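Colleague: would you be able to build a 3D model of this:
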Amino acid sequence: MSRPIEALAEEVLNLPTDARAKLLDRVVASLDADRKRDEAWDAIAASRDAEIESGAVTVISSREVLTRLRNELD
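Modeller: Reported below is the predicted structural model:
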């Protein structure tokens, strides 16, 4: 028979921090509905990071991005 969620939560919250972190990683991974999508986003992020690190692209601040967008919309 399954335990009530409150009892399980209490037990989990009494675990050491590192054990709770590992458990959280496993629970979140079990909710992952689309691993291929996540892998695709990871690849895009790694590619963008490599472009930035190599100097192939110029990084601009979020403030500059917002300023440019506002100017385009005006």
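Colleague: quick one: residues in contact with the worst-scoring helix or strand of the chain on mean pLDDT.
Modeller: Lowest by mean pLDDT, DSSP states H and E among the helices and strands of the chain is helix 17-31, with a mean of 90. Residues from elsewhere that reach helix 17-31, judged by C-beta atoms under 8 Å, 6 or more residues apart in numbering: Val12, Leu13, Leu15. The C-beta positions use only the backbone N, C-alpha and C, and glycine is treated the same way.
Colleague: Asp38 versus the first one, what's the distance?
Modeller: Summarising the geometry, the distance separating Val12 from Asp38, computed by C-beta to C-beta, to the nearest Å, is 25 Å.
Colleague: also the second one?
Modeller: Distance check for Leu13 against Asp38: by C-beta to C-beta, it reads 28 Å.
Colleague: higher neighbour count, those two?
Modeller: Comparing Leu13 with Asp38 by other C-beta atoms under 10 Å, the one with more neighbours is Asp38, at 11 against 8.
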